[in-house]
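K.L.:
Let me see the structure of the following:
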Amino acid sequence: MTYIGRNIMKPVVLVTAIGTAASTTIVSVLKGTNAFYIIGSDIYHKNQIATTKDVDEFYVFPPVTGEQVTYIDFVIQFCLQHKVLFYFPTIDEEVVKLAANRDRFNEVGVKLCIPNNELIEICHNKNYFFEWIKKNIPRVFIPVYQTIESINEKDFPVFIKPVKGRGSNGCKKIESKFQLIQLLTEGMKIKDYIVQPFIDGDVISVDLVRNANTGQKAQIQRVEELRNLSGCGIAVQIIYDEELTAICNELMEKLNLNGVANAEFFRLKDGYRIIEVNPRFPAGTSFSVMSGLNTPLNAIRIACGDECDFETIAYGQHLAKRYETYVLD
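P.N.:
Numbering: from 1, shown residues only. The predicted structure is shown next:
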């Protein structure tokens, strides 16, 4: 493979938003194979992101939250110029935009390491998602209040989250109807949020992998024992629960998952309730990789139409994250 005048015989991989936890893990996994030429990008500059030390080249990209056509035109031109073969996005808005333009990437030979479009369309919009859950897997459904008037004072606290959100941004526990009405008077538009009963239970995160071509599927479940203020697990235990395994297998089959996704659940005394399905790599990707499920490499295999390679999962294992400091100059 020729890359801009240089003789590079490795497939070129683009990983965007490399300042995020998920992209950092993807870069680390790819670098560890010594089989890929890695291009990283972010909206921040090279000396502001530690993961730039692990990529072969780094570029500043425009924000994905701008106009769809402008961003897609930019990244397609970039992929053509740099001979990109595989493309890993980890930001919700970027995944949605790429999926909507998947045909354009196929035309220029770029393999998107994202799930199937149907799953992305259902799961990115929380209204669509909970309607789908209620119809298809009702035993894990969390009710959604349809109007403010339908919420009685005894129903509080409630929990609000954006219909089209990213991570835990905009999610909030609301203690009273007065507080909810106050948010509305301050400019919050109820149509942009869903309101549900507040649930206090263990949070279980499950990374899901399914190859629609071969029928292979795998999952890895982790209890989030400590979470940071952004809602990311920083201390977890890998578990195996038969009931949750059955739920996730059903979820993968009914959503026809082809690729990698992440599901989050509350674990209660009477079973599980689903929080969301993220149509992307989660912040806890490193936990899965270190415990036996290499989601980045299997995403590449799925994108190529190849069989997945699943290893033995280290059930019972405890893992925790920490911050480290690097000199970048």
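K.L.:
So residue 183 is in contact with residue 176, correct?
P.N.:
No - if you go by CB atoms under 8 Å, residue 183 and residue 176 don't touch, sitting 11.0 Å apart. C-beta coordinates here come from the backbone N, C-alpha and C atoms, glycine included.
K.L.:
Now do the same for the closest residue to residue 213 other than its chain neighbours: its pLDDT.
P.N.:
Spatial nearest neighbour of residue 213, chain neighbours left out: residue 305 (5.8 Å); criterion: CB to CB, 6 or more residues apart in numbering. Looking at residue 305, its pLDDT stands at 97.
K.L.:
same thing with the one 10 residues further on?
P.N.:
Turning to residue 315, the model gives it a pLDDT of 98.
K.L.:
I'd like to know how many residues surround it.
P.N.:
13 (other CB atoms under 10 Å).
K.L.:
what sits against it?
P.N.:
The contact partners of residue 315, by CB atoms under 8 Å, 6 or more residues apart in numbering, come to 238-240.
K.L.:
would you list those in TSV and tack on neighbour count and distance to residue 42?
P.N.:
Formatted as TSV, the contacts of residue 315 follow (neighbours: other CB atoms under 10 Å; distance: CB to CB, whole Å):
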residue	neighbour count	distance to residue 42
238	21	30
239	16	33
240	12	36
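K.L.:
out of these, which are inside strands?
P.N.:
Counting by DSSP state E, the contacts of residue 315 place 238-239 in strands.
K.L.:
between the contacts of residue 315, which is nearest residue 285?
P.N.:
Proximity of the contacts of residue 315 to residue 285 (CB to CB) peaks at residue 238, which lies at 13.5 Å.
K.L.:
can you pull the contacts of that closest one?
P.N.:
By CB under 8 Å, 6+ apart, the residues touching residue 238 are 220-222, 287, 291, 313-319.
K.L.:
residues contacting residue 79?
P.N.:
14, 87, 105, 108, 110.
K.L.:
so where does residue 249 fall, helix or strand?
P.N.:
Using DSSP states H and E, the element containing residue 249 is helix 242-254.
K.L.:
What's the ChimeraX syntax to select whichever of the contacts of residue 238 are buried?
P.N.:
Buried subset of the contacts of residue 238, written as a ChimeraX selection, criterion 16 or more other CB atoms under 10 Å:
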select :220,221,222,287,291,313,319
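K.L.:
I'd like the contacts of residue 238 laid out as JSON lines, including distance to residue 74 and secondary structure.
P.N.:
Converted to JSON lines, these look like this (distance: CB to CB, whole Å; DSSP: H, G, I helix; E, B strand; the rest coil):
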{"residue": "220", "distance to residue 74": "35", "secondary structure": "strand"}
{"residue": "221", "distance to residue 74": "38", "secondary structure": "strand"}
{"residue": "222", "distance to residue 74": "36", "secondary structure": "strand"}
{"residue": "287", "distance to residue 74": "33", "secondary structure": "helix"}
{"residue": "291", "distance to residue 74": "36", "secondary structure": "coil"}
{"residue": "313", "distance to residue 74": "39", "secondary structure": "coil"}
{"residue": "314", "distance to residue 74": "41", "secondary structure": "coil"}
{"residue": "315", "distance to residue 74": "44", "secondary structure": "coil"}
{"residue": "316", "distance to residue 74": "46", "secondary structure": "coil"}
{"residue": "317", "distance to residue 74": "41", "secondary structure": "coil"}
{"residue": "318", "distance to residue 74": "42", "secondary structure": "strand"}
{"residue": "319", "distance to residue 74": "37", "secondary structure": "strand"}
